[in-house]
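**Student:** model the following, please.
(one chain, ligands or ions: 1)
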Amino acid sequence: MMKATLLFLLGLLLLNGAQASTSSEKKEQNERKIEELISKMTLQEKLGQMSQFDPGQLGRPEEAKQAIRDGKVGSILNLVGAREVNELQKVAVEESRLGIPLVIARDVIHGYRTIMPIPLGLTAGWNAELAEKAMAVAAEEAAAEGIHWTFAPMIDISRDPRWGRIAESSGEDTYLTSVMAKAMIKGFQGDDLSAPNTIAACAKHFVGYGAAEGGRDYNTTLIPEVQLRNDYLPPFQVAADAGVATFMSAFNDLNGVPASGNEFTLKQILRKEWNYNGMVVSDWASITEMIAHGFAANSKEAAEKALKAGIDMEMATSTYVDHVQALLDEGTIDLATIDEYVANILRLKLDLGLFDKPYTDESAAAKSILSEKNLQIAKEAASESFVLLQNKNELLPLSNDLSSVAVIGPLADAPHDQMGTWVFDGKKENTITPLTALKEMLGADQVNFARGLKISRTKTTEGFAEAVEAAKKSDVVLLFLGEESILSGEAHSLANLNLQGAQSELLEAVAETGKPVVLVIMAGRQLTIQKELAKADAVLYAWHPGTMGGPALADMLFGKTTPSGKLPVTFPKTVGQIPIYYNHKNTGRPADYQQWTDINKIPAEATQHSLGNTSHYLDAGFEPLFPFGFGLSYTTFEYSDLKLSSKTMGKDGAIEVSVNLKNTGKFEGAEVVQLYIR
Ligand code: BGC
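**Tutor:** The predicted model follows:
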């Protein structure tokens, strides 16, 4: 494979990032207000602004209210409900000395109540416009429940499917991630942060978190500066340029320096090189974790390092509150630094319009949550996220004339798991599963359902007989396998990426009936499914598709929609190939089939150099199971008339590439045109 860079996605509509434009007058007014407030604030009030806590950390409701009244809390995360938020906001605004409103934060990662596909799935749609719409839905619903700020998008380049957080990411590619980052930020923030249906976004985790060694969460990262700048930083720079309101510093140490105390990334790059003037929050307890990293001797030193690196707001711990006075007294830090950080926080609150309109309209949620429009966008987003990996004998789409289908598998009717990781507010009662949708579409009598396995990790095969029975009496088998939502996400790394439990055996058992098998996989990451490809006729990768996954799948299986998703990550054949991603370097000895001998064909006592010396694995070759960008369709496309505007780059470094694209197949369809350069 060549060192290639994904250059251009035709068919991705990038909206011109018209930035939230606060008029310069308003800006000046805000700056004056900030100055005035800071001049009145005690140190305790300043440190309060710099502190974010979970309600659970603030004690009983009365204690929480007192802390807010005393100006000890600037932000709360994980408080939901317009009424609940208003109740505490009232204390901040009407009972605290300076009346500074709280900013309420929440992880609204891929939807609030209407759950969109996991970000990795959303990215598989390669549709920036749709990603923007999906996040606008998330923002609207969250804002209606009192949330002002989400900790998303997560834009860590993720090249290791063992890492559970790959689910939250846009995958392995810097360009695709950057395009999605910009779109998602626009979706959350809109053009005006103070509008009632927008919320502040947060570019996270700054930076390098996705390079966790061995894919084990929180693990150390070693990224040479050249790679940091080429691969890991660009999406964050795009986010900064797009006006993302906040950044979050990561948990990991980067080349030995924890990200939350890293002056090089936070000060030199983010503030100086990029001129970023938004607000920076630490990840949960990542300031005190610098002690465990071995980077700070105690919490006072941790506070000092975080302050020197430029963390404005501390999440979930209190090192600032506990130690800033002493650090000031010693002259380790100065008050001007504290004032600058407080100003960044107050600016966010002003931009959000919280001083003018601190309260949430308590009737808004009823109108927006799970609205028809929102569900429709969730269905579209799910539909575009599906990637058709295999379609032997054009089994898909299925004909409407089938007399019955078997719906089998632990993910066929798993409303909780189908939502995926990082769903704090989505409810399984609102999820429509494939089983429900297929019954609705075909009529309950035509669907023969058997779960086969209780959950994805079930090892006992006692449900197989019923599954085989269901398969036997049906024309076709729709088998829903994959992983439960708990198997991906934060701290949920895996060393083995094969299907869990007895799922492979279930596939074998139903395939033995001789009935055609459509395998639908719902998962938070790419799994190693080489063995399963051989047993199934068609394979559709559905990630964790969210609230509307069921109807979107039913439509696609029966040809009401055509798959157009493309993989945002490379699928390895086996875990041992990881890291494997499309734009790895060529090496001086790139692999080719002439110089590769399958391990099973190596003669006994072969001599040292008889197999050729290229960069490959004897047992797994050098190709992935599916490359990045792969995805089949029901229809076919013809590319013709490829043209370059010039054979050389113009002075502006630009060259225009055009191609004619024609749908030559039997179905309507969309195609993502991809261009790679080396
Ligand atoms: C995660 C962040 C998240 C934060 C707040 C941390 O554990 O790493 O991504 O935003 O918690 O919930």
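
**Student:** can you list the weak-confidence ranges in this structure?
**Tutor:** Residues of the chain that meet the criterion pLDDT under 70 lie in 1-22.

**Student:** now for whatever residue of it ends up closest to the ligand, how many residues are close by?
**Tutor:** Here the residue of the chain nearest the ligand is Phe151; by CB to the nearest ligand atom that distance is 3.3 Å. For glycine as for every other residue, the C-beta is placed from the backbone atoms N, C-alpha and C. Using other CB atoms under 10 Å as the criterion, Phe151 is surrounded by 24 other residues.

**Student:** the most centrally placed residue in the chain and Met184, how far apart?
**Tutor:** With distances taken as CA atoms, centre = their mean, the residue of the chain nearest its centroid is Glu168 (2.6 Å). Glu168 is 11 Å from Met184, where distance means CB to CB, to the nearest Å.

**Student:** for Gly665, helix, strand, or coil?
**Tutor:** For Gly665, the secondary structure call by DSSP: H, G, I helix; E, B strand; the rest coil comes out as coil.

**Student:** and it, what is it in contact with?
**Tutor:** The contact partners of Gly665, taken as CB atoms under 8 Å, 6 or more residues apart in numbering, are Ser633, Tyr634, Thr635, Thr636, Phe637.

**Student:** who's in contact with stretch 504-516?
**Tutor:** By CB under 8 Å, 6+ apart, the list of residues contacting stretch 504-516 from outside reads 395, 406, 408-409, 452-453, 461, 464, 467-468, 471-472, 474-477, 479, 481, 498, 517, 519, 531-532, 535-538.

**Student:** the residues you listed in strands, which ones?
**Tutor:** Secondary structure assignment by DSSP state E places Ala406, Ile408, Val476, Val477, Leu479, Leu481, Val517, Leu519, Ala538 of the contacts of stretch 504-516 in strands.

**Student:** neighbours of the fifth one, how many?
**Tutor:** Applying other CB under 10 Å, we find 28 residues neighbouring Leu479.

**Student:** wait, doesn't it sit right on Ile408?
**Tutor:** Yes. With contact defined as CB atoms under 8 Å, Leu479 reaches Ile408; the gap is 5.0 Å.

**Student:** any idea how far Phe626 is from His323?
**Tutor:** 51 Å.

**Student:** do Gly187 as well
**Tutor:** Between Gly187 and Phe626 the computed distance is 28 Å (CB to CB).

**Student:** out of those two, which sits in the busier spot?
**Tutor:** For the pair Gly187 and Phe626, the greater number of neighbours falls to Gly187 (27 against 23), based on other CB under 10 Å.

**Student:** can you tell me the element the more buried one falls in?
**Tutor:** Secondary structure from DSSP states H and E places Gly187 in helix 174-189.

**Student:** Asn660 too?
**Tutor:** Assignment of secondary structure by DSSP H and E places Asn660 within strand 657-663.

**Student:** pull that strand out as CSV, backbone CA atoms only.
**Tutor:** Output for strand 657-663, consisting of C-alpha atoms alone and laid out as CSV, is shown next (Å, rounded to 0.1, in the frame of the first residue of the first chain):
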residue,chain,number,x,y,z
VAL,A,657,-9.5,17.3,-10.6
SER,A,658,-12.8,16.4,-12.2
VAL,A,659,-14.4,13.2,-13.1
ASN,A,660,-17.7,12.1,-14.7
LEU,A,661,-19.7,9.8,-12.6
LYS,A,662,-22.6,7.8,-13.9
ASN,A,663,-25.0,5.4,-12.2
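
**Student:** begin at 295 from now on, thanks
**Tutor:** Taking 295 as the first residue, the last one we looked at is strand 951-957.

**Student:** buried set for that strand?
**Tutor:** Within strand 951-957, the residues scored as buried using 16 or more other CB atoms under 10 Å are Asn957.

**Student:** got it, and stretch 419-432?
**Tutor:** 419-422, 424-432.

**Student:** sorry, back to before: what helices or strands is the helix holding Gly481 leaning on?
**Tutor:** Packed against helix 468-483 by the contact rule (3 or more CB pairs under 8 Å, 6 or more residues apart in numbering; DSSP states H and E) you find strand 299-304, helix 413-418, helix 422-438, helix 528-535.

**Student:** okay, now the domains of the chain?
**Tutor:** What automatic domain parsing lists as the domains of the chain is 320-400+628-663, 664-851, 929-972.

**Student:** quick one: the shortest one to chain centroid distance?
**Tutor:** Here the centre of mass of C-alpha atoms in domain 929-972, compared against the chain's by CA atoms, centre = their mean, to the nearest Å, lies 28 Å away.

**Student:** the second one now?
**Tutor:** Distance of domain 664-851 from its chain centroid, counting by CA atoms, centre = their mean, is 21 Å.

**Student:** what residues are up against the nearest residue to Asn556 once chain neighbours are set aside?
**Tutor:** Setting aside the residues directly before and after it, Asn556 is nearest to Ala603 in space (CB to CB, 6 or more residues apart in numbering), at 5.5 Å. Taking CB under 8 Å, 6+ apart as the criterion, Ala603 is in contact with Ser543, Ser554, Gly555, Asn556, Glu557, Leu560, Lys561.

**Student:** let me see the contact set for the residue nearest to the last one when sequence neighbours are not counted.
**Tutor:** Right, the one you point to is Lys561. In space, and not counting its chain neighbours, Lys561 is closest to Gly604: 5.1 Å by CB to CB, 6+ apart. Under the criterion of CB under 8 Å, 6+ apart, the contact partners of Gly604 comprise Glu557, Leu560, Lys561, Leu564, Arg565, Val574, Tyr635.

**Student:** regarding the last one, what is its secondary structure?
**Tutor:** The reference is to Tyr635. Once three-state DSSP is applied, Tyr635 turns out helix.

**Student:** equivalent analysis for the second one, please.
**Tutor:** Using three-state DSSP, the secondary structure recorded for Leu560 is helix.

**Student:** which ones are touching it?
**Tutor:** Listed by CB under 8 Å, 6+ apart, the contact partners of Leu560 are Phe500, Ser543, Ala553, Val574, Ala603, Gly604, Ile605.

**Student:** you'd agree Gln820 is in a helix?
**Tutor:** No. Gln820 sits outside any helix when classified using three-state DSSP, being coil.

**Student:** now do the contacts for it.
**Tutor:** Taking CB under 8 Å, 6+ apart as the definition, contacts of Gln820 comprise Pro455, Ile460, Leu791, Tyr835, Leu861, Val863, Thr864, Phe865, Pro866.

**Student:** buried stuff in stretch 387-394?
**Tutor:** Going by 16+ other CB under 10 Å, stretch 387-394 has these buried residues: Val387, Ser390, Ile394.

**Student:** can you check stretch 742-757 too?
**Tutor:** Going by 16+ other CB under 10 Å, stretch 742-757 has these buried residues: Asn742, Phe743, Ala744, Arg745, Gly746, Leu747, Ile749, Ser750, Arg751, Thr752, Gly757.

**Student:** phi first, then psi, for the third one.
**Tutor:** When read as degrees, to the nearest 10, the backbone of Ala744 gives phi -150, psi 130.

**Student:** and it, how far from Val833?
**Tutor:** With distances taken as CB to CB, Ala744 is found 20 Å from Val833.

**Student:** what of the fifth one?
**Tutor:** With the distance defined as CB to CB, Gly746 ends up 17 Å from Val833.

**Student:** what do you get for the last one?
**Tutor:** Look at Gly757 and Val833: by CB to CB, they are 22 Å apart.

**Student:** quick one: the helices in the stretch 545-694 of the chain?
**Tutor:** Counting by DSSP state H, counting those that start in this stretch, the stretch 545-694 of the chain has helices at residues 557, 583-586, 593-603, 613-624, 629-645, 658-662, 666-679.

**Student:** could you export those helices as TSV, including distance to Ile949?
**Tutor:** Compiled in TSV, the helices of the stretch 545-694 of the chain are given as follows (distance: least, CB to CB, whole Å):
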stretch	distance to Ile949
helix 557	39
helix 583-586	46
helix 593-603	40
helix 613-624	50
helix 629-645	39
helix 658-662	44
helix 666-679	29
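
**Student:** nearest to Ala536, of those?
**Tutor:** helix 629-645 (14.6 Å; CB to CB).

**Student:** what's next to the closest one, contact-wise?
**Tutor:** Counting by CB under 8 Å, 6+ apart, residues outside helix 629-645 touching it are 314, 316, 324, 327-328, 331-332, 335, 337, 340-341, 343-344, 368-369, 394-395, 397, 443, 487-488, 494, 539-540, 571-574, 601, 604-607, 618, 622, 649.
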